[in-house]
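Participant: coordinates for the following, if possible.
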Amino acid sequence: MGRRTNGPASSGLGEGLADRDFLVPSRTSDSCGGPGAVHADKVARCMVFPPTHWCGWLPVPVKVGRSSEDRRSRHCPYLDTINRSVLDFDFEKLCSISLSHINVYACLICGKYFQGRGLKSHAYTHSVQFTHHVFLNLHTLKFYCLPDNYEIIDSSLEDITYVLKPTFTRQHISGLDKQGKLYRAYDGTTYLPGIVGLNNIKANDYANVVLQALSNVPPLRNYFLEEENYCRIRRPPGDIMFLLVQRFGELMRKLWNPRNFKAHVSPHEMLQAVVLCSKKNFQITKQGDAVDFLSWFMNALHGALGGTKKKPSSLTKVFQGSMRIFSKKLPHPDLPPEEKVALLLKEEYQEEMSESTFLFLTLDLPTAPLYKDEKEQLIIPQVPLFNILAKFNGNTEKEYKTYKENFLKRFQLLKLPPYLIFCIKRFTKNNFFVEKNPTIVNFPITNVDLREYLTEEAQVTEKNTTYDLVANVVHDGKPTEGAYRMHVLHHGTGKWYELQDLQVTDILPQMITLSEAYIQIWKRRENEDDTTNHTGA
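Facilitator: From the prediction side, this is the model:
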């Protein structure tokens, strides 16, 4: 092949031509020169062929369509050095040296995060120092070879990008509750998507059980598995609460990912968003109350999704019901009887009715016994679920004390949500310590009818009032030193599983009722003939 003696057209001719390039004739500078000579690169760009009196010809590559890619992009020699067993994308995307979250790359050989790709960047230095060559941009999901600095294009790397950012089609989402297929992770362990352990970093099991329970509520899960459902929600400038929505969606997709490298997930990024948005009211290193976290998280998520008191969100469509509250103010107990009678005749002390919405119902336990039995042992009391549900029958009155005033209230349900949450009040706080009520609640797992707790008008309009249990959160041990675990129903197989941190085991439904239940999620049947598949129930 000929070579030009001068001019910019000679650059790059030593390299091979791409398959999509073609050749056009060009004139050499040392033959038949003159003012009419046309430069080779102009010839290639303008497709102008030289006149017949030109005597020098030279093939010049012409690029067609998109800019040409580096030939090494599809023939990288370092792909076999990737170690998938050390890859973990659950942690915060921060450079391990500069702690910056901008332009972060993951080394696919050791799993560490580094910033930058250019000369003297941390990723560049790492590649030269340790001869680790393959890196992944955690934002653009593109692979690069360093220090050569060219993009790697290879379909065999698609499994890595899927673990970093799982995606679900609507067809896949619609079939999640219809199959019970076990999947094998890269490390060889088998697991059911959705029934996956969450890492207890230090003392965050109170949050883990709530996140796992909510991730197994199909309508809420389906909404967050598809990022397009919430990515266009606009929030005011500087609002950090939407970070909860993003992190919860990412965690939900990782929990239901059928192609995980390992059979567990670390909620590190999700919990950091919780610490930030709650202003450190809920922390990773300090044990918290699961009901307090559930209450805060659901209200914060509702607001971040654009919901208000009047405007619903995807969360309230699943969990929100309404009730009627009858409230009556009571005279101070230290007043003389004559004054009490006089005050009760005033309008201020007459019964008032109001309506309110709720995301969960709080059930009060009877007082635990103070004294031991004749065998010097404390008897653990038991109470049926329907006894503590009597709080909402419209007749049972309970006194509520505030700092200044006392009220007598009774409740009755107006509307039942598709998924109903019960929070059993086990902890009472005073100025000195927290006391736990160990009473066991006896409840059926299926076929709980709540029609009698509705108002007469609601009983006519509400067609289906029967509920089946789908999740049960349990607290074991002392109030401040205890641990949380949960039971969850896998809809595809109809089997129950117990999840405690990273441990996942199957459990008989009969064992669930013997636990100290703290939070329960019940699913309403869509029709009277609909029965959720509960094995052994």
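Participant: skipping adjacent residues, who's closest to Arg74 in space?
Facilitator: Closest residue to Arg74 apart from its sequence neighbours, by CB to CB, 6 or more residues apart in numbering: Ile153 at 5.4 Å. Placement of C-beta: from N, CA and C, glycine included.
Participant: what is the burial count for the one you found?
Facilitator: Neighbours of Ile153 under the rule other CB atoms under 10 Å: 15.
Participant: now swap in the one 4 residues further on and tell me
Facilitator: Using other CB under 10 Å as the criterion, Leu157 is surrounded by 19 other residues.
Participant: over to Ser354?
Facilitator: 9.
Participant: just checking, it touches Ser327?
Facilitator: Yes - between Ser354 and Ser327 there is a contact at 7.0 Å, judged by CB atoms under 8 Å.
Participant: any shared contact partners between these two?
Facilitator: When CB atoms under 8 Å, 6 or more residues apart in numbering defines a contact, no residue borders Ser354 and Ser327 alike.
Participant: got phi/psi on the residue nearest to Arg74?
Facilitator: Per-residue torsions, Ile153: phi -120, psi 110 (degrees, to the nearest 10).
Participant: and if you look at Val291?
Facilitator: Main-chain torsions, Val291, degrees, to the nearest 10: phi -70, psi -40.
Participant: now Thr480
Facilitator: Dihedral pair for Thr480: phi -100, psi -10, per degrees, to the nearest 10.
Participant: which one is it nearest to, not counting chain neighbours?
Facilitator: Once flanking residues are discounted, Thr480 sits nearest to Val434: 6.2 Å by CB to CB, 6+ apart.
Participant: what of Glu452?
Facilitator: Nearest to Glu452 is Asn393, by CB to CB, 6+ apart, at 6.5 Å.
Participant: quick check: bridge partners of the one you found?
Facilitator: Bridge pairing for Asn393 (DSSP bridges) gives the partners Gln412.
Participant: what about it, distance to Phe411?
Facilitator: Distance, Asn393 to Phe411, by CB to CB, to the nearest Å: 8 Å.
Participant: neighbour-wise, which of the two wins?
Facilitator: Taking other CB under 10 Å, Asn393 and Phe411 do not tie; Phe411 has more neighbours (21 against 15).
Participant: surely that one touches Ala390?
Facilitator: No - taking contacts as CB under 8 Å, Phe411 lies outside contact range of Ala390: 10.3 Å.
Participant: got any ranges where the protein has weak pLDDT?
Facilitator: Applying pLDDT under 70 to the chain flags the ranges 1-69, 371-378, 528-537.
Participant: can you give me the strands for the stretch 251-400 of the chain?
Facilitator: 264-265, 321-330, 352-358, 361-364, 382-384, 398-401 (DSSP state E, counting those that start in this stretch).
Participant: which of those sits most buried?
Facilitator: Stretch with highest mean neighbour count among the strands of the stretch 251-400 of the chain: strand 264-265 (a mean of 22; mean count of other CB atoms under 10 Å).
Participant: check what contacts that strand and list those residues.
Facilitator: Contact with strand 264-265 is made by 90, 196-199, 251, 254-255, 502, as judged by CB under 8 Å, 6+ apart.
Participant: what's the farthest-apart pair in those?
Facilitator: Within the contacts of strand 264-265, two members stand farthest from each other by CB to CB: Leu251 and Leu502, at 15.2 Å.
Participant: so the two - more neighbours on which side?
Facilitator: Taking other CB under 10 Å, Leu251 and Leu502 do not tie; Leu251 has more neighbours (25 against 16).
Participant: quick check: that one vs Glu526, distance?
Facilitator: 28 Å.
Participant: show me how this structure divides into domains.
Facilitator: Per the record, the chain has its domains at 1-68, 71-162, 174-304, 321-524, by automatic domain parsing.
Participant: dump those domains to CSV, plus distance to Ser313.
Facilitator: Below are the domains of the chain laid out as CSV (distance: least, CB to CB, whole Å):
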stretch, distance to Ser313
domain 1-68, 43
domain 71-162, 27
domain 174-304, 5
domain 321-524, 11
